[in-house]
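Fold the following and give me the result.
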Amino acid sequence: MNKNLFALTTASLLLVALAGCESARTTPSDTAPRGEIRALEPPPAATTENQILAAAAAHPQLPVIGVIEPGAAAAVAATRTGRIAVLATEGTVRGGAYQRAIHALRDSAEVTAVPATLFVALSEEGWTDGEVALAITRRYLAPLFADADAVPDVLVLGCTHFPPLVGTIRAVVGQTMQIVDSAATTAAALVQLLAARGLNSTAGGGGGKRFLVTDGEERFARVGPVFLGAPIDAGAIERVDLLAG
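Predicted coordinates:
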């Protein structure tokens, strides 16, 4: 399938949208911001999510997929005991979005939300293993094991910065606790939405990548490969204003 990968970013997230190379470019008045974008995935961070939703409101034909709901659904489907832990940034934990989404699907669920803001810095610096990462992870996760009879059986990585730390997190929680990567569940939801709406590209051949950033082009060029697992061509990075007409 021929497709372009648009990664819309801020300083604290990766935001992914798919677009077909064969799609005709149109003006901002009758399509998504910056041409061929076919869907937006707002991050959990409330401030940035509001910005993205405001942009989507100006383009009502643009599908918007939340990061939180797919992760919550996967956690509810995976739990056997009904005890679910969520690792997220302080703002996401304080906002309670994951808690509400999980309880909407299973009102009896016991949700423990743990703020793990230092994980953002660890991921961006590439310090995803070793003594520092392990010590911080143990400190964050210690409350989950304080009561041996109430240990969660599912852990949601509620921030797109956290997956690079999954190896260290797994070393701390052991092999029995299931880990839900909300970025992966959201990507799967996006694939399903594009297929359901007939928005998948049908052209053959290879695809391309473009990275639309809301700030810090140089920083994204440095940090992005940590999350994407591959170098980023600086020429593929473009700064945009999501709310520009």
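
Now do the SS call for residue 215.
Using DSSP: H, G, I helix; E, B strand; the rest coil, the structure places residue 215 in coil.

Would you mind listing where this protein has pLDDT under the threshold?
Across the chain, the ranges flagged by pLDDT under 70 are 1-53, 55-56, 59, 201-207, 242-245.

can I see the domain layout of it?
4-63+197-239, 68-184 (automatic domain parsing).

got these as JSON lines, with mean neighbour count and distance to residue 191 columns?
Every residue, glycine included, has its C-beta placed from N, CA and C. Converted to JSON lines, the domains of the chain look like this (neighbours: other CB atoms under 10 Å; distance: least, CB to CB, whole Å):
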{"stretch": "domain 4-63+197-239", "mean neighbour count": "16", "distance to residue 191": "8"}
{"stretch": "domain 68-184", "mean neighbour count": "18", "distance to residue 191": "11"}
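
okay but residue 85 is in contact with residue 154, surely?
Yes - judged on CB atoms under 8 Å, residue 85 makes contact with residue 154 at a distance of 7.1 Å.

Now the helix or strand that contains residue 223 - C-alpha only, PDB.
Per DSSP states H and E, residue 223 falls inside helix 217-228. The C-alpha coordinates for helix 217-228 follow below in PDB (Å, rounded to 0.1, in the frame of the first residue of the first chain):
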ATOM      1  CA  GLU A 217      12.500  21.100  14.300                       C
ATOM      2  CA  GLU A 218      16.100  20.500  15.400                       C
ATOM      3  CA  ARG A 219      15.000  18.900  18.700                       C
ATOM      4  CA  PHE A 220      12.600  16.600  16.800                       C
ATOM      5  CA  ALA A 221      15.400  15.600  14.400                       C
ATOM      6  CA  ARG A 222      17.500  14.600  17.500                       C
ATOM      7  CA  VAL A 223      14.700  13.000  19.600                       C
ATOM      8  CA  GLY A 224      12.500  11.400  16.900                       C
ATOM      9  CA  PRO A 225      14.800   8.500  16.000                       C
ATOM     10  CA  VAL A 226      14.600   7.300  19.600                       C
ATOM     11  CA  PHE A 227      10.900   6.600  19.000                       C
ATOM     12  CA  LEU A 228      10.900   5.700  15.400                       C
END
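
next helix or strand past that helix?
Next helix or strand after helix 217-228 toward the C-terminus (DSSP H and E): strand 237-239.

That next one: partners in the sheet, and parallel or antiparallel?
Strand 237-239 has the following strand partners under DSSP bridges: strand 208-213 (parallel).

got the angle between the strand it pairs with and helix 217-228?
130 degrees (axes from the mean of the first three to the mean of the last three CA atoms, to 10 degrees).

Just the CA coordinates for strand 208-213, please, in CSV.
Extracted C-alpha coordinates of strand 208-213, given in CSV (Å, rounded to 0.1, in the frame of the first residue of the first chain):
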residue,chain,number,x,y,z
GLY,A,208,7.3,8.3,2.0
LYS,A,209,7.6,10.1,5.4
ARG,A,210,7.0,13.7,6.2
PHE,A,211,7.2,15.1,9.7
LEU,A,212,5.1,18.2,10.5
VAL,A,213,6.2,19.7,13.8
